[in-house]
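A.B. asks: Generate a structure from the sequence data that follows.
(chains A and B)
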Amino acid sequence: MRRFLDRLYAAAAWLAAACLASIALVMLAQAGMREFGLLLRGADDIVGWLCAASAFLALAATFRHGELVRVGLVIDRLSPALRQRAELGALGVAVLVVGYILWAAASFVYQSWAFEEVAQGLIQIPIWIPQLSFVVGALIFFVAVLDEFVVLARGGTPAYRLVEEQHRAGMDLGEAP
Amino acid sequence: MDTLAIGAILFALLIVLLAGGLWIAMAMSVVAWFGLQFFTSSPPDVNLFQAFWGSSASWTLAALPMFVWMGEILFRTRLSEEMFKGLTPWLGWLPGRLMHVNIFGCAIFAAVCGSSAATCATIGKVALPELKKRGYDERTSLGSLCGAGTLGLLIPPSIIMIVYAVAAEVSILKMFLAGVFPGALLVSLFSGYIVVWALLNPGKTPTAVEEMSFGERVRRAKNLIPCLVLIGFVMGVMFTGIATATEAAAFGVFGALAIAWWSGTLTRESFLTSLMGATRLSCMILFILAGASMLSSCMAFTGIPRALAEWVAASQFSPYALILVLAVIYLLLGMAIDGISMIVLTTSIVLPMIEAAGFDLIWFGIFIVILVEIAQITPPVGFNLFVLQTMAKREANYVARAAIPFFFMMVLAIVVVSAFPAIATWLPDAVLGVTKK
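C.D. replies: Predicted coordinates:
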């Protein structure tokens, strides 16, 4: 189970990275073709969809890497026992929030599909196809948050805490904003 | 219920959630849901979807992951070593000598990199050990790196400016142009401080200078070429209109990859690491923007910003008093939260006020970016402090104290830019015209 979940997060993250790299390719192709008087139809829409897909699919991996920002000012100063409770509380709320996000995304996209809505742009495909990245990303994110909640409730240390501790010991400096 | 009372309830809820350690984007979503559910008739789930999808699936915002990736690639090249070699022969004559490499190195790197911590880390990893080896005062060296690293935010391209431009709905290109002169102002203030410091503390600067002929200096300056070419390339395609500000970012990635390949640091591994790092960092930023966008739509439905703006307009504050109050609030916020959250948490409330008071949104963008720069070096939460603390293996307090003079230089810069707003607004107005916002 552990191995399956880790692979799931990694696969989603690599898919997100591929989307990000594709943004660069589409943009360069568009600017290049413009110089020769050609128009890459709908490039703006494709870039927007890729940008969204890249963000949503990477959520689970980013969360587990401890890179989703939070305010540590108060909870970092709590005693270990209190900290454990605060962390459990925060993760509990996170499960609810991400669950709600997943539900909102899924129900909206289901309606796009049921009413056969078409994208308003140059590319006339059903809008649920690009929007699906939100649902899939939110689902994997929900699994990741639930995963961390279960790990913490069983007395383990969540992955994002492990990374935070590694960061303190000496880190890859390129990734702080 | 009174609109301002609703605002107070939502604000209190936000503080409790943030202090409880909930992830910032989630905290914003919860507050937005609460506001929409109980104080308006607008369905929160539809708002959530439109805010999250609308803010992420955006052509304009796609510049952000591109500039992030560009910085990640350049961080893994030898660009900073070359820059150090190229700059040193030209700065030895100034009082304070090689200390100025920190300032100018950061300023030049800032013109290809959009983030403060990455600028600080890239220049710091070379300059810090070199200056220490040559006997320069470590404290001032650390402080100047800490301060000058923040130029990454003010000198275009800049990630934080993209975030502001999207939140405030102003042109990214205009924001970039507006950052040029304030950036130059900060560089001269930082360098000026080092000159004064060196003259007051003559014993603390080593006297040994590498003697070299003019020809040798020019040969060494060739090391700067890759970086300058990249700056010229990105700025060139952007300001000549070959590419939009968004596409220029993709050109930047291409140029950065070319430099990495040319210097032999482009491996399969470094490519994939930079790509994955950029993916996670932009995911973090886009998630915050999504939460903020939902909070903004909640604000729009409840009418809180309008009520506040009317209150400010009615209470006849002088515009300077408003700016002063905001500056103090941002300084305090900057101690606790990161720059991006600082901007997106406040824009939906503050911008209507600022417009009601008659300020230019581009000017306010520069004002807020300098305050975010300060936030990078004020404890307990300041990313540049974290970076240098790890690099120099020093206490956080030591680095923070070393940065104090540079903190005051930035405060001075805010005062100057407030007194003479044209420093920020002249260039974008001259290049792009006054009416286009």
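A.B. asks: center of chain B, which residue is that?
C.D. replies: Taking Cα atoms, centre = their mean, the centroid of chain B lies closest to B:L153, which sits 2.3 Å from it.
A.B. asks: Distance check, that one against chain A.
C.D. replies: When Cβ to the nearest Cβ, to the nearest Å is applied, the distance between B:L153 and chain A equals 10 Å. Just so you know, the C-beta spots here come from the backbone N, C-alpha and C atoms, and that holds for glycine as well.
A.B. asks: so that residue is in which element?
C.D. replies: Using DSSP states H and E, the secondary-structure element containing B:L153 is helix B:151-154.
A.B. asks: Toward the C-terminus, what is the element adjacent to that helix?
C.D. replies: From helix B:151-154, the next helix or strand downstream (DSSP H and E) is helix B:159-168.
A.B. asks: And the contacts of the helix or strand following that following helix?
C.D. replies: Under the assignment DSSP H and E, the closest C-terminal helix or strand after helix B:159-168 is helix B:172-178. Counting by Cβ atoms under 8 Å, 6 or more residues apart in numbering or on different chains, helix B:172-178 makes contact with B:60, B:63, B:156-158, B:161-162, B:164-166, B:238-239, B:244-246, B:362-363, B:365-366, B:424-425, B:427-428, B:431-432, B:436-437, all of which sit outside it.
A.B. asks: ok, for the residue most central in space within chain A, nearest residue in space, not its chain neighbours?
C.D. replies: By Cα atoms, centre = their mean, chain A has its centre lying nearest to A:L59, at 1.9 Å. The spatially closest residue to A:L59, leaving aside those adjacent along the chain, is A:F141, at 4.0 Å (Cβ to Cβ, 6 or more residues apart in numbering or on different chains).
A.B. asks: Identify the residues contacting the one you found.
C.D. replies: A:F141 sits next to A:56, A:59-60, A:63, A:98, A:101-102 when contact means Cβ under 8 Å, 6+ apart.
A.B. asks: now do 6 Å
C.D. replies: Residues in contact with A:F141, defined by Cβ atoms under 6 Å, 6 or more residues apart in numbering or on different chains, are A:59-60, A:98.
A.B. asks: Over to B:A309?
C.D. replies: B:A309 makes contact with B:352-353, B:356, according to Cβ under 6 Å, 6+ apart.
A.B. asks: Render the CA-only coordinates of the helix or strand harbouring it in PDB, please.
C.D. replies: Under the criterion of DSSP H and E, B:A309 resides in helix B:304-314. Listed next in PDB are the C-alpha coordinates belonging to helix B:304-314 (Å, rounded to 0.1, in the frame of the first residue of the first chain):
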ATOM      1  CA  ILE B 304     -16.400  44.400   2.700                       C
ATOM      2  CA  PRO B 305     -13.700  46.100   0.600                       C
ATOM      3  CA  ARG B 306     -16.100  48.700  -0.700                       C
ATOM      4  CA  ALA B 307     -17.300  49.500   2.800                       C
ATOM      5  CA  LEU B 308     -13.700  49.900   4.000                       C
ATOM      6  CA  ALA B 309     -12.900  52.100   1.000                       C
ATOM      7  CA  GLU B 310     -15.900  54.300   1.700                       C
ATOM      8  CA  TRP B 311     -14.900  54.500   5.400                       C
ATOM      9  CA  VAL B 312     -11.400  55.500   4.400                       C
ATOM     10  CA  ALA B 313     -12.700  58.100   1.900                       C
ATOM     11  CA  ALA B 314     -15.200  59.500   4.500                       C
END
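A.B. asks: Pull out the buried positions in that helix.
C.D. replies: Of the residues in helix B:304-314, those buried under the neighbour-count criterion (16 or more other Cβ atoms under 10 Å in any protein chain shown) are B:304-305, B:307-309, B:312.
A.B. asks: Can you redo these as JSON lines, where the extra columns are pLDDT and distance to A:V69?
C.D. replies: Formatted as JSON lines, the buried residues of helix B:304-314 follow (pLDDT from 0 to 100; distance: Cβ to Cβ, whole Å):
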{"residue": "B:I304", "pLDDT": "87", "distance to A:V69": "24"}
{"residue": "B:P305", "pLDDT": "86", "distance to A:V69": "24"}
{"residue": "B:A307", "pLDDT": "85", "distance to A:V69": "29"}
{"residue": "B:L308", "pLDDT": "83", "distance to A:V69": "26"}
{"residue": "B:A309", "pLDDT": "82", "distance to A:V69": "29"}
{"residue": "B:V312", "pLDDT": "78", "distance to A:V69": "30"}
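A.B. asks: Just the closest of the residues you listed to chain A, please.
C.D. replies: Of all these, the one sitting nearest chain A is B:I304; the distance, using Cβ to the nearest Cβ, is 21.7 Å.
A.B. asks: Is the closest residue to that closest one other than its chain neighbours within a helix or a strand, and which one?
C.D. replies: By the measure of Cβ to Cβ, 6+ apart, the closest residue to B:I304 outside its immediate chain neighbours is B:G7, 4.1 Å from it. Take DSSP H and E as the rule and B:G7 turns out to sit in helix B:3-19.
A.B. asks: how far is that helix from where the chain is centred?
C.D. replies: Using Cα atoms, centre = their mean, to the nearest Å, the mean C-alpha position of helix B:3-19 is found 27 Å from that of the whole chain.
A.B. asks: For it, which outside residues touch it?
C.D. replies: Contact with helix B:3-19 is made by A:71, A:74, B:27, B:30-31, B:35, B:39, B:302-304, B:307, as judged by Cβ under 6 Å, 6+ apart.
A.B. asks: Of those residues, grab the buried ones for ChimeraX.
C.D. replies: Selection of the buried residues among the contacts of helix B:3-19 in ChimeraX, burial being defined by 16+ other Cβ under 10 Å:
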select /A:71 /B:27,30,31,35,39,302,304,307
